[in-house]
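In: got a structure for you, letters missing:
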């Protein structure tokens, strides 16, 4: 990933490896290096590749070998890793030795979009169901009672992250925080619910920007290097979370809560079934208000619209560690159900 054109022949050979993860890593590295030889090797492999994950990576690598979408920002902000060590044996400087301050950038997209319900789902990485390293269980959601996601794909530096469904990119965070580079994709489900797929500890080469529409299986970024600022300073892995609700949602409400609301002129109490964008009403910046679909005692459903809040207050749900994982769902329960049956379990 940090080499030069001299490694292209070896990477070209690796493109034909029987292991799909080797092919994926080789394609990512060739995309980073660029140049005629790298592009030719990628095009040749693209014509015969059959693995859907690797093919998505090759498609993205073909484009990145010709241009650098992750380096071009209107505000000039980007992240460059610090390389240290002797010539021929340089490595990325460890994160705890680098003074980074606040994230380099943190971009949002909160405008209303006509987001069709997702019909096809996939996993965020290859071999999603493998265990964690050193015998740890792969399902780390709720570990210690508040880990709002799962950590997996350990030490797969440079592997690809993929969109789990069609959706819209709502946020891209730059390096500097504990999550490093991060991508959030909002997805609309067929039953009216929204879910936010969060990809933490990415590398600098994020290929999407807020407002982009992505399709299921599309490559979004690669996994950050171990101990580097780009991934927040951890051993290389993916923190993958599923936020239950839209990107913007009331700060103190989660699906399953019991609330008071007006139903046909009467004050009643009932559970929140799902969080959505309000059908009518916009805030001061033109963004749609948020609402909860609540169930009345007679079984009818009612939209309860919430007043406008500051964006940062609304985003208090968006943390890696939340008590009781409130407002998050277990990817190990939801995602296989979405991939295999297209029907996620109901919220608790």
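Out: Done, it's in. All figures in this text were calculated on a predicted structure; none of them were measured in a lab.
In: where are the low-confidence patches of this protein?
Out: Applying pLDDT under 70 to the chain flags residues 1-2, 80, 98-103, 131-139, 347-348.
In: Domains in it, by residue range?
Out: 5-64, 89-244, 252-308 (automatic domain parsing).
In: and the end-to-end length of the second one?
Out: The first residue of domain 89-244 is 45 Å away from its last residue (Cα to Cα, to the nearest Å).
In: and what of stretch 240-250?
Out: 22 Å.
In: So which bits of that stretch are buried?
Out: Within stretch 240-250, the residues that count as buried by 16 or more other Cβ atoms under 10 Å are 240, 241, 242, 243, 244, 245, 246, 247, 248, 249, 250. For glycine as for every other residue, the C-beta is placed from the backbone atoms N, C-alpha and C.
In: dump the residue contacts of the fifth one.
Out: Each residue near residue 244 by Cβ atoms under 8 Å, 6 or more residues apart in numbering is listed here: 193, 195, 254, 255, 275, 327, 328, 329, 347.
In: Might you specify the subset of those located within helices?
Out: Using DSSP state H, no member of these sits in helices.
In: okay, those residues in TSV with distance to residue 50 and neighbour count next?
Out: Below are the contacts of residue 244 laid out as TSV (distance: Cβ to Cβ, whole Å; neighbours: other Cβ atoms under 10 Å):
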residue	distance to residue 50	neighbour count
193	34	22
195	30	27
254	42	21
255	39	21
275	40	26
327	39	25
328	35	28
329	32	24
347	37	18
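In: Make CSV out of those residues and add distance to residue 337.
Out: Below are those laid out as CSV (distance: Cβ to Cβ, whole Å):
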residue, distance to residue 337
193, 13
195, 12
254, 20
255, 16
275, 19
327, 19
328, 16
329, 10
347, 13
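In: quick one: which of the residues you listed is nearest to residue 231?
Out: residue 328 (20.9 Å; Cβ to Cβ).
In: So for the closest one, what's the nearest residue that isn't a sequence neighbour?
Out: residue 148 (4.2 Å; Cβ to Cβ, 6 or more residues apart in numbering).
In: Next one: the residue nearest the centre of the chain relative to residue 35, how far apart?
Out: Centroid-nearest residue in the chain, with Cα atoms, centre = their mean: residue 199, separated by 2.9 Å. Separation of residue 199 from residue 35 (Cβ to Cβ, to the nearest Å): 28 Å.
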